[in-house]
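[1] What shape does this take:
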Amino acid sequence: MQTQYQDFGIREWKESDRLTTANVIHQVLLEYGLSWEPEGADRDVLEIEECYLATGGEFWVVESQGQVVGTSAYHPVSRGEQAVEIRKMYLLPAARGRGLGKFLLSELESAIANRGYQQIWIETASVLKEAVQLYESQGYQSAIGVETQRCDRVYWKCLSRTPASPTSRGSGIK
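    Below you'll find the predicted structure:
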């Protein structure tokens, strides 16, 4: 995966990105008053090979002028039908307000559909108002069953032509 959006480059994560991507996510969480949880909800950022790449997911890095300014990822989960969860979609303030989040979400949805998945799940926190607005504006439906402590909202979207009800709950890798 390698693409451009305006002056942003979006590419696959590589091992040398580990600390930089973790720092971007940590900065955004702090900005919104959310805790960085390297032993919990953010363990996956430090173990990308195991939590994303080895499970059939992807982890992308967003760069601008040679600097990492954002991340986005997904991995398969057992909740729902042929489902994935989008995770770690964070942008530093300098990368916001230019349509990049909407573009990233669209690219993720295309990649997920191309791999044959039918449902996308997203957990987020109400304090991330821009994210909530983005997901709702792109057709994500509110659901129940939040699995991550700092999140208080969960959304889902069906990519198949015949929508199914989100009834199955399982635990994916967090």
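
[2] Please state the backbone phi and psi of Glu37?
    The main-chain torsion angles of Glu37 are listed as degrees, to the nearest 10 and equal phi -120, psi 80.

[3] meant to ask about Tyr117, not that
    When read as degrees, to the nearest 10, the backbone of Tyr117 gives phi -80, psi 150.

[4] Mind naming the longest strand for this structure?
    Looking only at the chain and at elements set by DSSP state E, the strand with the highest residue count is strand 67-77.

[5] Show me what the helix or strand following that strand is packed up against.
    The helix or strand immediately downstream of strand 67-77 is strand 83-91, counting by DSSP states H and E. If contacts are counted by 3 or more CB pairs under 8 Å, 6 or more residues apart in numbering; DSSP states H and E, strand 83-91 sits against helix 18-31, helix 43-46, strand 67-77, helix 100-114, strand 119-124. Placement of C-beta: from N, CA and C, glycine included.

[6] Helix, strand or coil: sort out Gly97 for me.
    In terms of secondary structure, Gly97 is coil; the call rests on DSSP: H, G, I helix; E, B strand; the rest coil.

[7] ok, now which ones touch it?
    Contacts here follow CB atoms under 8 Å, 6 or more residues apart in numbering; on that basis Gly97 touches nothing.

[8] so how far is Trp36 from it?
    Separation of Gly97 from Trp36 (CB to CB, to the nearest Å) stands at 24 Å.

[9] Ok, Thr3 next?
    Note on Thr3: its distance to Trp36, by CB to CB, is 28 Å.
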